[in-house]
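Chemist: structure for this input, please:
(2 chains)
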Number of protein chains: 2
Amino acid sequence: MSGETHVPSQWYNLAADVPYDFPKPLHPTLDRFVEISDFDWLYPTECLKIELGEGDYGTSPWIDVPDRVLEEYRKYRPTPLFRAHGLEKYLDTPAEIYIKREDLNPGGSHKLNTALPQAYYGFKDDCTTLVTDTGAGQWGSALSMACDVFGLKTVVFMIRKSYQEKPYRRYLMRLLDAEVISSPSDRTETGRSFLHDPDNTGSLGIGMSEAIELVKTSESHRLALGCMSYYAVLHQTVIGLETKEQLEALDRAPDTMIGCVGGGSNFTGFIGPFVRDKLDGKPIDFIAVEPEAIPCLTAGTYRYDWADYTGLTPRVKMYTLGNKFVPPAIHSGGLRYHGKTPLLSSLVHHGVVRAASYPQEEIFKAGPLFLKTERILPAPESSHAIFAAIQEAKTAKEEGRKKVIVVCLSGHGYLDLQGYASVFGL
Amino acid sequence: MSGETHVPSQWYNLAADVPYDFPKPLHPTLDRFVEISDFDWLYPTECLKIELGEGDYGTSPWIDVPDRVLEEYRKYRPTPLFRAHGLEKYLDTPAEIYIKREDLNPGGSHKLNTALPQAYYGFKDDCTTLVTDTGAGQWGSALSMACDVFGLKTVVFMIRKSYQEKPYRRYLMRLLDAEVISSPSDRTETGRSFLHDPDNTGSLGIGMSEAIELVKTSESHRLALGCMSYYAVLHQTVIGLETKEQLEALDRAPDTMIGCVGGGSNFTGFIGPFVRDKLDGKPIDFIAVEPEAIPCLTAGTYRYDWADYTGLTPRVKMYTLGNKFVPPAIHSGGLRYHGKTPLLSSLVHHGVVRAASYPQEEIFKAGPLFLKTERILPAPESSHAIFAAIQEAKTAKEEGRKKVIVVCLSGHGYLDLQGYASVFGL
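Modeler: Here you go, the predicted structure:
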């Protein structure tokens, strides 16, 4: 809808372009790095190659987007970069606030950007079904859409709290013919181990273990992952590449770039193409915002850990609260995850990115404010980024400083209205 | 988001430009035409002038959009005209199908186009509160947004079935600080007369009577109307004017133009700027699509009738099922209305527009199909238009005829997922 020009035809492979060590994944239980043959039953082959930095993925900063994926990107990208004049006026700030509108994507979030290539790679491998976990349902909806494009089936383990409280995203997945299972479920060993506790709200870690167990049962099933993988980050660099071109067209350079982090893919894809600029001396403040209740970056430890609850995935080096951490039942279901994607963790570890965390009560107020000033209702996840941008714009006002703040609006909140209703007692 | 050019700065005043008689409104009970002084307590003054064709409104084909409204239009318009390649491919049709994306507007429907000027006119009249009725909640959400812009309060009578079954739109209105009342309610005489019947689902006619009764109780309250009024039609001509320019830029002329009709404002605003072309000899097929369960145009009579249940409004000449008709509980809450706006009725009466009606079961299937082929979930109301477009595209295929079909997608269905879930048993 924004024309067919300027959709990036290459992803930016930050992992091959940063001067830091980017620790390789370890085998789940053995004391060695993961090899392709350990997990070719689990991931689509190309995804695994990206994850392990095989071939070009280990060396080349630019990776061609496959034609078939590019064709799909061109149906909805580039997304607009929108100036939040209304919010600026309300805050009476000298800062300029720009919003990258990933909420306008089909499915209402950034997730389709990686769902499409993952489904395409699954299709190339002749698999019949992609299996995944989802928190708020943004990822599950996007994957259902992408699988539909490539003729694959989708099975989604949706964390119990969201399954119950966000029925609309579940209905959307069902309209796209996905099978949606409340997690913990009776379908897997991991799930069954939680069934004695009806109060267990589920978590992305548990859902991921369930998805992996299900993949194990069939030759033709593969796992898809919305955020924790490096391939999700690579695919999401379309966000940052477009933003860069759009800012340049406006003759603006970012002082501050802000995104919310669940696994970390939207934020890392958003800032990725700007990281070299910072390393080359441009003073960009990258702020990764997480919920106070799940403080991986702000209070976790940087160490090897499993991406799932049971310990079936490779171990990756990341900021983590421990893979057994079951996050409290906050309304931002997409952020209920115990770790942060390794590349982001490494950037935080090296001081390139800073982390901030805020309590849910504060975060939620940013939603209606943004609705009233810009007529966009952010997803509760994305409200973390909006809230942080408001704090930065207030600081700019106190300092009397002109400043360019760029925010990735990862998704809209129209299917999260039940959460808003609960928080505000509507 | 589509740039600030090409937003129409004038509305097209079709009523002053058609060669047909456009019967004037009659007093609710007396045998004479309505005068301004009869209803200056009810409508914002400017709305009433438009309705009665006073001054320029009676003579000039072009009406300036007030600067303050134009400023707001420019924040979200023009909406894209999108080619439905995916649907065309699925149908294997030689027809080209174009979609005017009013679903992308803030609030998710075309309604903001008239909510903004109505709130502005209320603000100019120093009123404090706009009162209205809403079916599915698209109109109530848009009015709440517009009133928030101009510092007015909003009171919305939401028909009971939608109040219960579409809580998300209710939450959205509440986030915008609107007061939302389930109708029939105990707040008005009309409402109370239905309270003995807990199975009464409400209707737009009953809601309108309740809104009017409430306006009567306060000097500072005025009525806002989403569709039945002529002023809503006038404001919605922004849709048609943009579509015309967009089709010309693509070097296309429409063979068929299709929209759904509740009161008729989105459809009439959409086709309005093309009506003269048809009268001047261009063979455009205008198709107004209504639910089979509420067949105003296809089985109603063309006569004077009240716009509300109780008979408090002026009587207008229109196709009607009678103002006491309480529509069956279909899921397209926005179409549950007993009449069609007078100008549209007159165009149907003179054979300029033809009407079509389809059963809900058929209509609903168009939603997931459009979701899968175009990744857009239409509102159930808008699915009427999509469904009719599919029939036309199939006919074009049978006839081996290239054909340009243009559809007004009046709104998205993401807040109607409960309706989809009920129909498909998700």
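Chemist: okay, CA-based contacts and neighbour counts for the rest of this
Modeler: OK.
Chemist: what does the stretch 51-200 of chain A have sitting close to chain B?
Modeler: Residues of the stretch 51-200 of chain A lying near chain B by Cα under 8 Å from any Cα of the partner chain: A:80, A:82, A:106-107, A:145, A:148-149, A:168, A:171-172, A:174-176.
Chemist: same question for the stretch 251-400 of chain A.
Modeler: Along the stretch 251-400 of chain A, the residues adjacent to chain B under the rule Cα under 8 Å from any Cα are A:368, A:371-372, A:375-376.
Chemist: could you dump those into TSV with neighbour count, distance to residue B:93 and pLDDT added?
Modeler: Output for these, formatted as TSV (neighbours: other Cα atoms under 10 Å in any protein chain shown; distance: Cα to Cα, whole Å; pLDDT from 0 to 100):
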residue	neighbour count	distance to residue B:93	pLDDT
A:368	21	44	96
A:371	20	41	97
A:372	22	43	96
A:375	21	38	95
A:376	19	36	95
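Chemist: which one of these is nearest to residue A:123?
Modeler: Proximity of those to residue A:123 was ranked by Cα to Cα; the top entry is residue A:376 with 35.3 Å.
Chemist: nearest spatial neighbour of the closest one, skipping sequence neighbours?
Modeler: residue A:370 (6.2 Å; Cα to Cα, 6 or more residues apart in numbering or on different chains).
Chemist: low-confidence ranges in chain A?
Modeler: Within chain A, the stretches with pLDDT under 70 are A:1-5.
Chemist: report the central residue of it.
Modeler: residue A:265 (3.7 Å; Cα atoms, centre = their mean).
Chemist: wait, that residue sits on residue A:342?
Modeler: No: using Cα atoms under 8 Å as the test, residue A:265 is too far from residue A:342 to be in contact (10.3 Å).
Chemist: what sits in contact with each of these two?
Modeler: Here residue A:265 and residue A:342 share the contacting residues residue A:228, scored by Cα atoms under 8 Å, 6 or more residues apart in numbering or on different chains.
Chemist: can you lay out the residues of the stretch 251-400 of chain A next to chain B as JSON lines showing secondary structure?
Modeler: Output for those, formatted as JSON lines (DSSP: H, G, I helix; E, B strand; the rest coil):
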{"residue": "A:368", "secondary structure": "helix"}
{"residue": "A:371", "secondary structure": "helix"}
{"residue": "A:372", "secondary structure": "helix"}
{"residue": "A:375", "secondary structure": "coil"}
{"residue": "A:376", "secondary structure": "coil"}
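Chemist: how about stretch A:414-426 and chain B, touching?
Modeler: Yes: for stretch A:414-426, a contact with chain B is found by Cα under 8 Å from any Cα, at A:414-415, A:417-418, A:420-421, A:426.
Chemist: can you show me the CA trace of that stretch as PDB?
Modeler: What follows is stretch A:414-426, C-alpha atoms only, in PDB (Å, rounded to 0.1, in the frame of the first residue of the first chain):
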ATOM      1  CA  TYR A 414      -7.100  -3.700  19.100                       C
ATOM      2  CA  LEU A 415      -7.100  -7.400  19.900                       C
ATOM      3  CA  ASP A 416      -5.700  -6.700  23.400                       C
ATOM      4  CA  LEU A 417      -8.700  -4.600  24.400                       C
ATOM      5  CA  GLN A 418      -9.700  -7.300  27.000                       C
ATOM      6  CA  GLY A 419      -6.300  -6.500  28.700                       C
ATOM      7  CA  TYR A 420      -7.000  -2.800  28.700                       C
ATOM      8  CA  ALA A 421     -10.500  -3.500  30.000                       C
ATOM      9  CA  SER A 422      -9.100  -5.500  33.000                       C
ATOM     10  CA  VAL A 423      -6.400  -2.900  33.800                       C
ATOM     11  CA  PHE A 424      -8.700   0.100  33.600                       C
ATOM     12  CA  GLY A 425     -11.900  -1.600  34.900                       C
ATOM     13  CA  LEU A 426     -13.800  -0.700  31.700                       C
END
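Chemist: residues of it that come out buried?
Modeler: Counting neighbours by 16 or more other Cα atoms under 10 Å in any protein chain shown, one finds that the buried residues in stretch A:414-426 are A:414-421, A:426.
Chemist: save those as JSON lines, and put in distance to residue A:290 and secondary structure too.
Modeler: Converted to JSON lines, the buried residues of stretch A:414-426 look like this (distance: Cα to Cα, whole Å; DSSP: H, G, I helix; E, B strand; the rest coil):
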{"residue": "A:414", "distance to residue A:290": "21", "secondary structure": "helix"}
{"residue": "A:415", "distance to residue A:290": "21", "secondary structure": "helix"}
{"residue": "A:416", "distance to residue A:290": "18", "secondary structure": "helix"}
{"residue": "A:417", "distance to residue A:290": "21", "secondary structure": "helix"}
{"residue": "A:418", "distance to residue A:290": "21", "secondary structure": "helix"}
{"residue": "A:419", "distance to residue A:290": "18", "secondary structure": "helix"}
{"residue": "A:420", "distance to residue A:290": "18", "secondary structure": "helix"}
{"residue": "A:421", "distance to residue A:290": "22", "secondary structure": "helix"}
{"residue": "A:426", "distance to residue A:290": "26", "secondary structure": "coil"}
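Chemist: name the residue of the stretch 1-150 of chain A that lies nearest to chain B.
Modeler: Proximity of the stretch 1-150 of chain A to chain B (Cα to the nearest Cα) peaks at residue A:106, 5.7 Å away.
Chemist: what sits against that residue?
Modeler: For residue A:106, the contact set (Cα under 8 Å, 6+ apart) comprises A:76, A:112, A:142, B:375-376.
Chemist: give me the beta-bridge partners of residue A:221?
Modeler: residue A:129 (DSSP bridges).
Chemist: rewinding a little: quick one: the residue of the stretch 1-150 of chain A closest to chain B and residue B:391, what's the gap?
Modeler: The gap separating residue A:106 from residue B:391 is 25 Å, by Cα to Cα, to the nearest Å.
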